[in-house]
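Engineer: Could you look at this predicted model? Sequence included:
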Amino acid sequence: MCLKNLEFLRNSRFLRKIAKIRYNHSKKDKNAKRTKMSISVLMYHHVLENDGTIAISQKNFEAQMKMLAKGGYTTITPDELLAYKQGKITLPKKSVLITFDDGWRNNYIYAYPILKKYGLKATIFLITSWIEEASKQPLAFEPACHEKAKILAKERPGAVVLNWDEIEAMSDVFSFHSHTHGHTDGYFGKLDLTDDIGLCKQTIKKRLGFDDVHLCWPRGAYDENSIKIAKDAGYKVLYTTKRGANLSDNECEHIRRIAIKNSTFWLKKTLFIYCNDTLSRLYSLIKSK
């Protein structure tokens, strides 16, 4: 390699960032235990016949789940993520948490059998007032793109939103947690944030029998006051739409998630980066510039 190329590499931003990361790591207490693994949390919404806005096709979803199963990935629950963050448990390398937002009925029709086929676990963050309304009016399932589904969620929720019977039926694969009571949409009554969070927690307790500590922010929107309200209500783990990986660092107020694209190759590449502590830190530094 010529001297000119060597000089370029020596001065490259990429190598400077690697040096910075290595330096920061070297300053840590050598006797402190610290995992070099990070946890990726995947964020899905709809699984439909075709790809679309925040929707993945059945075909592409199955290809991604097959890749996880055959690639040696372990799917975990939110409670396992919390225990890992708190340093109470260790998790297998290549552990991921699969999440779905809102509680769309297509998660039961299309995603559930695929996850079950490959022996994978996942989580749905429920908008509890939508689930309550859908449970009052059993209707035939209507596959709908996201924009149409939002309209139907208000007009005919039973056609597009999960009901409590379906939630019970899919509980062998899915765990269920909070996504507020009304998603700030006011479809079934306007609520301030305290009531929106409180009613969601009460409904989960009444319907599913446990005191939920996991809350996913609608549209990823929150501030310091929102965090205080959620913590005052008893939530410990708060899920965002910010991209990134999650370390065993006891920081549970800003769980990062990866919004899914339709490409299985993209997912494989992304998980390769984010399941490694050093690579995920380096990638985040580069993306932030």
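Structural biologist: Okay, I see it. Numbering: from 1, shown residues only.
Engineer: hey, which strand is longest across the protein?
Structural biologist: Assignment by DSSP state E gives strand 95-102 as the longest strand of the chain.
Engineer: Now do that one: everything it contacts.
Structural biologist: Residues from elsewhere that reach strand 95-102 (C-beta atoms under 8 Å, 6 or more residues apart in numbering): 37, 39-45, 68, 73-78, 80-81, 84, 107, 111, 115, 120-127, 130, 161, 179, 183, 216, 239, 257, 271, 275. The way it works is simple: take the backbone N, C-alpha and C, and place the C-beta from them, glycine included.
Engineer: quick one, strands of this structure?
Structural biologist: Under DSSP E, the chain gives strands at 40-44, 46-48, 55-57, 74-75, 95-102, 122-126, 174-178, 214-216, 237-239, 258-259.
Engineer: can I get those in JSON lines with distance to residue 199 and mean pLDDT?
Structural biologist: Putting the strands of the chain into JSON lines (distance: least, C-beta to C-beta, whole Å; pLDDT from 0 to 100) gives the following:
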{"stretch": "strand 40-44", "distance to residue 199": "24", "mean pLDDT": "98"}
{"stretch": "strand 46-48", "distance to residue 199": "25", "mean pLDDT": "98"}
{"stretch": "strand 55-57", "distance to residue 199": "28", "mean pLDDT": "98"}
{"stretch": "strand 74-75", "distance to residue 199": "30", "mean pLDDT": "98"}
{"stretch": "strand 95-102", "distance to residue 199": "16", "mean pLDDT": "98"}
{"stretch": "strand 122-126", "distance to residue 199": "12", "mean pLDDT": "98"}
{"stretch": "strand 174-178", "distance to residue 199": "10", "mean pLDDT": "98"}
{"stretch": "strand 214-216", "distance to residue 199": "13", "mean pLDDT": "98"}
{"stretch": "strand 237-239", "distance to residue 199": "17", "mean pLDDT": "98"}
{"stretch": "strand 258-259", "distance to residue 199": "27", "mean pLDDT": "96"}
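Engineer: mind checking which of those is nearest residue 156?
Structural biologist: strand 95-102 (15.6 Å; C-beta to C-beta).
Engineer: residue contacts, residue 231?
Structural biologist: Residues near residue 231 by C-beta under 8 Å, 6+ apart: residue 253.
Engineer: Next: residue 72.
Structural biologist: By C-beta under 8 Å, 6+ apart, the contact set of residue 72 is residue 94.
Engineer: what pLDDT does it get?
Structural biologist: Residue 72 carries a pLDDT value of 96.
Engineer: Also residue 184?
Structural biologist: Reported pLDDT at residue 184 in the predicted model: 88.
Engineer: My guess is it contacts residue 218. True?
Structural biologist: Yes. Between residue 184 and residue 218 a contact is recorded at 5.3 Å, counting by C-beta atoms under 8 Å.
Engineer: circling back to that earlier point, save the strands of the chain as a markdown table, and put in distance to residue 231 and mean neighbour count too.
Structural biologist: Below are these laid out as a markdown table (distance: least, C-beta to C-beta, whole Å; neighbours: other C-beta atoms under 10 Å):
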| stretch | distance to residue 231 | mean neighbour count |
| --- | --- | --- |
| strand 40-44 | 20 | 22 |
| strand 46-48 | 30 | 24 |
| strand 55-57 | 33 | 22 |
| strand 74-75 | 27 | 18 |
| strand 95-102 | 20 | 24 |
| strand 122-126 | 17 | 25 |
| strand 174-178 | 13 | 23 |
| strand 214-216 | 10 | 27 |
| strand 237-239 | 8 | 23 |
| strand 258-259 | 25 | 18 |
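Engineer: looking at those, which is closest to residue 250?
Structural biologist: For the strands of the chain, distance to residue 250 was read as C-beta to C-beta. The smallest value, 11.2 Å, belongs to strand 237-239.
Engineer: before we move on, back to that, list the strands paired with the longest strand of the chain, with their directions.
Structural biologist: Sheet pairing of strand 95-102 (DSSP bridges) gives strand 40-44 (parallel), strand 74-75 (parallel), strand 122-126 (parallel).
Engineer: average pLDDT for whichever helix or strand comes after that strand?
Structural biologist: Note on strand 95-102: by DSSP states H and E, the next helix or strand toward the C-terminus is helix 106. Average pLDDT, helix 106: 98.
Engineer: Give me the contacts around helix 106.
Structural biologist: For helix 106, contacts defined as C-beta under 8 Å, 6+ apart pick out 46, 47, 48, 141, 143, 160.
Engineer: And for stretch 201-208?
Structural biologist: Stretch 201-208 has contacts (C-beta under 8 Å, 6+ apart) with 126, 128-129, 131-132, 164, 167, 176-178, 181, 210-212, 233-235.
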